[in-house]
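Student: Provide a 3D model corresponding to the input given below.
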Amino acid sequence: MTTDLFNLTGKIALVTGASRGIGEAAARLLAQQGAHVIISSRRQEGCEKVAASIRDEGGQATAYACHIGDLDQIEAVFSHVREQLGRLDILVNNAAANPYYGHITETDPGSFQKTVEVNIRGYFFMSANACKVMKENGGGAIVNVASVDGVRPGDKRGIYSITKSAIIQMTKAFALECGPDNIRVNALLPGLTDTKFAGALTGNEEVLNSWLKQMPLRRYAQPDEMAGAILFLASPASGFATGSILPVDGGYLI
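Tutor: Got it, this is the predicted structure:
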């Protein structure tokens, strides 16, 4: 049995929402393990900054901006993958939207639409396109970054929680139908993590204390702690796992 279970040398990985936070941490770790990582988020400048930093550290990375709420941009990034790299082995669906924080009944149509377009439609068509490319090259791995809110809905995060629940079911559906093509699809459920995205929670002392009381570890996570779980799900270390839902939440869901 090989002990080099996290080696990604020769693999091509596409990470969305990779200009900061969990996505950036995951991209850096995948590159450290030998993958050529495509850094993707909405703005090319932010993508290139992370890609250049990875290259400066001796890793392999390129930048390609893609807003996954835009189907044309999704098509464009996969055209780039096919034409420039010829294959895709790993997709990390991490980009997400959470434009509304408030009572569920006051959710405005614009926020509803944006959240659904990114968190459900974006993940779906990123996965569908990735599976087609992976099938041509013998398989691959998809990691969907969902949320503990997809299991236990977050207060004042109604539509976000609903979309994250959909990602959990989407993970299982793709795993079921794409498994015969040697494509594994798993989901990570992060708990409260110190990112700009979670700033509305970590930056509010009352809300933060409420969260921490529900977490046995009594602290929130750092992005690197999510990156390790993403590496596990993307690598041969989890070679027999598909359709799995992995909470990394400091015990929040207990």
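Student: drop to CA atoms for contacts and neighbour counts, all remaining ones
Tutor: Will do.
Student: next, count neighbours for the nearest residue to T195 once chain neighbours are set aside.
Tutor: Closest residue to T195 apart from its sequence neighbours, by CA to CA, 6 or more residues apart in numbering: G21 at 5.2 Å. Other residues near G21 number 21, with proximity taken as other CA atoms under 10 Å.
Student: list the contacts of G21.
Tutor: Counting by CA atoms under 8 Å, 6 or more residues apart in numbering, G21 makes contact with D194, T195, K196, F197, P223.
Student: okay, the residue nearest the centre of the chain and P180: tell me how far apart.
Tutor: Central residue of the chain (CA atoms, centre = their mean): N94, 2.3 Å from the mean position. Distance of N94 to P180, computed by CA to CA, to the nearest Å: 25 Å.
Student: just G154 next, same as before
Tutor: For G154, the distance to P180 (CA to CA) stands at 35 Å.
Student: can you check L5 too?
Tutor: The value you get for L5 to P180, if CA to CA is used, is 22 Å.
Student: also S19?
Tutor: 33 Å.
Student: higher neighbour count, the two?
Tutor: Neighbours per residue (other CA under 10 Å) separate S19 from P180, with S19 holding more: 27 against 11.
Student: and the pLDDT at that one?
Tutor: At S19, the predicted lDDT confidence score is 97.
Student: wait, is it part of a strand?
Tutor: No. Looking at S19 with DSSP: H, G, I helix; E, B strand; the rest coil, it is coil, so not inside a strand.
Student: my guess is it meets C47, correct?
Tutor: Yes. S19 is within contact range of C47, at 5.2 Å (criterion: CA atoms under 8 Å).
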